[in-house]
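Student: I'd like to go over a predicted model; first the sequence, then the structure.
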Amino acid sequence: MDETLLQEPIVPKAKKRKRQRITWSMIKDQRQLIFMSVPLLAYIILFAYVPVWGWTMAFQNYKPARSFGQQEWVGFKQFKFLFTDDSFMRVLRNTLGMSIINLILGFVTAIVLALLLNEIKKLFWKRTVQTISYLPHFLSWIIVTGIVATSLASDGIVNDILMRLHFIKEPILWLSEGKYFWGVVGASHVWKEVGWNTIIYLAAMAAIDPALYEAADIDGASRYRKMFHVTLPGIKPTIVILLIMSIGHILEAGFEVQYLLGNGLVVDWAETIDIFVLKYGIAQGNYSLATAGGIFKTVVSVTMLLFANWIAKRLGEERLL
């Protein structure tokens, strides 16, 4: 037998695409799109880049009555205070904990609900369930936290159901014990946003080639097999993009729900960086400290976004090799 037949096939390595040079002729051909982007570009510059000038307050002992030249420069004093203050470390722990819980629960529940909705064949029932699930998204957090607080009260519906099912013998004070607070916040976010988050996944599922499902039917694949081997791989790029965007907001655990549901009994578990900035920065007139906290959040978010993007790119390149 020829030895060349026994050799493993040589798989060519993926080549990097060369960047196309931008020429004046290309700009001229796309001038309509460029003109259309001018208002959006102006909006971004005015509201995203011009306010960055205010970051200088983090390096000053800022006093509103003084001009820029009269401000006292203190260097990294505010940042040193943040990283040596025990209360800031506590709120950083709370922010990361609730953000990770919201991220995991939000992703898993949205993908699972989208998979289940995709399997509903009756269009009427599918639209009904989808409409009911994303209606809470349009409620403000004031209303949502009011519903949550009423439901979790000692005489609320949650304790009533658990006692009737004999899971508990006496009512639980859900909003008075810190160990329950993160779970309450995570469940509140899921109830409010799970239906809305499924819309993107359902749109991605609609773009999957129906021939793949037909081939799976011919091979005798069950519904669960088609979910794991056709649907999930088909929406994988969408999942990766949304995950990268969500990781970029890792320190955005929320403000309204923690501020409205929090109280003196759970303050050690409820305070986030946003509440810390409001309480110890803006409320006390220490705008430099508030700005330093905002810069810290921005730097961490950009770093995590770039890191997640790099990881996703490396994994994609390894699969192409």
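Tutor: Received, thanks. Numbering: from 1, shown residues only.

Student: list the buried ones in whichever strand or helix holds residue 133?
Tutor: Residue 133 is part of helix 123-134, with elements assigned from DSSP states H and E. Of all the residues in helix 123-134, those buried under the rule 16 or more other Cβ atoms under 10 Å are 126, 129, 130, 133, 134. Backbone N, C-alpha and C define where each C-beta goes, glycine included.

Student: and the pLDDT for the nearest residue to the fourth one once chain neighbours are set aside?
Tutor: The spatial neighbour of residue 133 that comes closest, neighbours along the chain excluded (Cβ to Cβ, 6 or more residues apart in numbering), is residue 195 at 3.0 Å. What the model reports for residue 195 is a pLDDT of 89.

Student: and if you look at residue 8?
Tutor: 45.

Student: what does residue 227 give?
Tutor: The model's pLDDT for residue 227 equals 88.

Student: and what of residue 215?
Tutor: Taking residue 215 on its own, its pLDDT is 89.

Student: that one: how many residues sit nearby?
Tutor: Look at residue 215: counted by other Cβ atoms under 10 Å, it has 13 neighbours.

Student: I'd like to know how far it sits from residue 192.
Tutor: Separation of residue 215 from residue 192 (Cβ to Cβ, to the nearest Å) stands at 39 Å.

Student: residues in contact with the residue most central in space within the chain?
Tutor: In the chain, the residue lying closest to the centroid (Cα atoms, centre = their mean) is residue 246, at 3.2 Å. Residues counted as contacts of residue 246 (Cβ atoms under 8 Å, 6 or more residues apart in numbering) are 103, 106, 107.

Student: before we move on, back to that, and the residue nearest to residue 133, helix, strand or coil?
Tutor: helix (DSSP: H, G, I helix; E, B strand; the rest coil).

Student: is it true that it touches residue 135?
Tutor: Yes - with contact defined as Cβ atoms under 8 Å, residue 195 counts as touching residue 135 (7.1 Å).

Student: the two - which one has more neighbours?
Tutor: Taking neighbours as other Cβ under 10 Å, residue 195 and residue 135 compare with residue 195 leading, 23 against 12.

Student: helix or strand: which one has residue 88?
Tutor: Counting by DSSP H and E, residue 88 is part of helix 86-118.

Student: same deal with residue 155?
Tutor: Using DSSP H and E, no helix or strand contains residue 155.

Student: measure the residue nearest to it when sequence neighbours are not counted to residue 156 for me?
Tutor: Spatial nearest neighbour of residue 155, excluding adjacent residues (Cβ to Cβ, 6+ apart): residue 171 at 7.0 Å. The spacing between residue 171 and residue 156, counted by Cβ to Cβ, is 8 Å.
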